[in-house]
Structure formats: C-alpha cells, structure tokens
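Enquirer: return atomic coordinates for the entry below.
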Amino acid sequence: MRIIILALEGLFDTGLTATLDVFSTANSLSAAMMGGATRFDVSIMGMRRRVRSGQGLIIPATPLNRDERPDWVIVPALKAVTPDTLLPALARGDVRQAVDQIARWQAGGARIAAACVGTFVIAEAGVLNGSPATSTWSLAPLFRQRYPQVDLDETRMLVPSETGVTAGSAMGHLDLALWLVRQASPELATLVSRYLLADIRSSQAAYIIPNHLAQADPLVLRFERWSREHLSEGFSLQEAASALATSTRSLQRRCQAVLGKSPLAYFQDLRVERARSLIQGSGLSLETIAAEVGYADGATLRTLLRERLGRGVRDLRADLR
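Expert: Numbers count the residues shown, from 1 in each chain. Next up is the predicted model:
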C-alpha cells in the first residue's frame, strides 16, 4: 500500500509520529512474523523540503510531486485548538496549495484520510461533501458552520466513506492508522494493537464536554444553563423556549445548527454528564442519582449510560481505582 503523509507547517507532532509508529511497527511485525506479506510504503511530502512542527521540530519532507499516484493520502492535524488559531491556519498559502493537491489526488483515485483538525483541511478540498465524517468534537460547531454539506457525527471515533476515512480528536490519529492496517490485514492489525497496547475505539462520546460546545452560540449557551437548573424535571421544549424568550422553532434550529442534535438530545447529554459525575464522585446509590437527573429508576439510567457512553456503571466507577 502506497501512503503519502502530507506534512503541513505547524502540524500536531503526535499526530505525525503516532501514524508513522503504527506503520513502521506493522512493517517490522509483517517481516518478522508473517513473511513480509503486507508492506506499507510510507513517505512524508510537504510544500517545502523542511517542515517545522507545532513543537518547533524540523521534519524532512519530500517536495510535493503532483504526478505521484498514492493509494492513500493522510493529513495529520494542525496544532490549532480554537477557531481563532485554526481559521488563520486554513487561510495560509501552503495550506491552500495542499487543499488543491488533495482534490487532485482524490480525483485521480487516491483515498483521503485525516484525523482531528486534519479533517478541516480535507473538508476545505471539498472531498467530504455529501459524505459522513467525524472530526475533533471540540470544534464540531465550527465544522458544521463551515462545511454544511458534510454529514458530521462527532460522537464517532472513525467514519469510513467512499472518499476515505476520518477520525476524531488528537489521539484519533492512532485509531486511524490502525484502521488502515486492518484494511490490509486484520491479523497484522491485531498484532500491532497488542504490541502497542492500543486498539481502535468506536466512539469519542465519553470525552465530549457539553458546556464547551454550547459556548459556540449565545442562545445554546443560555439553553445549556437553563437545562442544568432543570435536570431533575421532565423536559419541556415549550417551557425551555419560553424561559429563554425565544420560539421552540428557533431553539430547535440553533441546537441543530450548532450541536447537530435536538434540544431534547442535548438535555439528555447533560443528564448523562451529571450522572457520570455523581457516579464517580459521590457515594450515592444509582437510584438516588437517577432521581437527581430526572429518571424514574436506576435501570433507565443504566441503559442510557450504556447507549451514550458505551460503558456501564461498574466501568465508570472502576476508572477511579
């Protein structure tokens, strides 16, 4: 498999090194234990011969070859964690050149992969339009605003599509690289996972901080604050809208545009977050916690936690041991 890693100035160091480490480990294990049956031919290309990482390290890069025909192109994240730092980075000349080249590679048959903020770069190229995708959950509101033609689900860690594959926040680069190894050889991917003490995760929902997302919009932030004061009560969209001096339609529209979900779904997210905090930080029984967050019994809450977080009460409490 021929893979190009497209290195941009100011990239997230771990995104690049984790990806390289997975493929080099895969090549070593394939040669030592599987007769070299699977081989990943990986090279780093850049707009310049020397790329400076986000931590200031100098990375040698092969100059961009527009005639190259890779099987996959991987775009590591830029080291940008807020809209104020990301948007100027996306407007840089070298990034715009990379965006054009990504579109050319995709048109030529290459599949495109990115994790975390790298998904913004490939979205700029238009290759995700009409496709499902994931991204870093912390910038999901900006992603939805900037790329409305992409079907974003930031709760997922990995989203394959006809275009390629996208992965979630930061350490999602590791999941992305392991997924690519699995496409070539499930047996080899299992070996690499065991050697690196890592495996592909299905969800990043357990890491999402609802309050962080709400701050992207004044109305949604006010709804978040109202919701926290009413978690123990039954949810009423009409009551919420009236308390916020807005219409139910406006509240639904803003939540969908910013959060990608209904007001009720976000209200349930806040219930789950509060319940998780109480499970891990108090000695209260599950029945008491359920009542605190507006559920009739512990069984209902237990089911919701499993659905939203992919983990049970025992798992959550075990985190503290």
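Enquirer: so who does Leu178 touch?
Expert: 22, 189, 192-193, 198-200 (Cβ atoms under 8 Å, 6 or more residues apart in numbering). C-beta here means a position set from N, CA and C on the backbone, and glycine is covered the same way.
Enquirer: in CSV: those residues, plus distance to Asn211 and pLDDT.
Expert: Converted to CSV, the contacts of Leu178 look like this (distance: Cβ to Cβ, whole Å; pLDDT from 0 to 100):
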residue, distance to Asn211, pLDDT
Val22, 33, 98
Ala189, 36, 96
Val192, 36, 97
Ser193, 33, 96
Ala198, 29, 92
Asp199, 29, 88
Ile200, 28, 87
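Enquirer: which of those residues fall within helices?
Expert: Mapping the contacts of Leu178 onto helices (DSSP state H) picks out 22, 189, 192-193.
Enquirer: about what we covered before: buried ones among the contacts of Leu178?
Expert: If you count burial by 16 or more other Cβ atoms under 10 Å, the buried members of the contacts of Leu178 come out as 22, 189, 192-193, 198, 200.
Enquirer: which parts of the stretch 51-200 of the chain are strands?
Expert: Ranges of strands in the stretch 51-200 of the chain, per DSSP state E, counting those that start in this stretch, are 58-60, 62-63, 72-75, 111-115, 132-133, 151-152, 158-160, 164-167.
Enquirer: quick one: closest of the ones you listed to Arg306.
Expert: Smallest distance to Arg306 across the strands of the stretch 51-200 of the chain (Cβ to Cβ): 20.2 Å, for strand 158-160.
Enquirer: list the neighbouring strands of that closest one plus their orientation.
Expert: Strand 158-160 has the following strand partners under DSSP bridges: strand 164-167 (antiparallel).
Enquirer: how far is the strand it pairs with from where the chain is centred?
Expert: In terms of Cα atoms, centre = their mean, to the nearest Å, the centre of strand 164-167 is set 10 Å apart from its chain centre.
Enquirer: what residues does that strand touch?
Expert: The contact list for strand 164-167, computed with Cβ under 8 Å, 6+ apart, reads 72-73, 111-116, 119, 122, 127-128, 133-135, 157-159, 173, 175-176, 179-180.
Enquirer: with stretch 236-245 instead?
Expert: In contact with stretch 236-245 (Cβ under 8 Å, 6+ apart) are residues 219, 222-223, 226-227, 230, 247-248, 250-252, 263-264.
Enquirer: end to end on stretch 278-292, go ahead and measure it.
Expert: End-to-end distance for stretch 278-292: 9 Å, by Cα to Cα, to the nearest Å.
Enquirer: picking that back up, mind putting the buried ones among the contacts of Leu178 in TSV, distance to Gly164 included?
Expert: Listed next are the buried ones among the contacts of Leu178 as TSV, based on distance: Cβ to Cβ, whole Å:
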residue	distance to Gly164
Val22	17
Ala189	17
Val192	20
Ser193	21
Ala198	21
Ile200	16
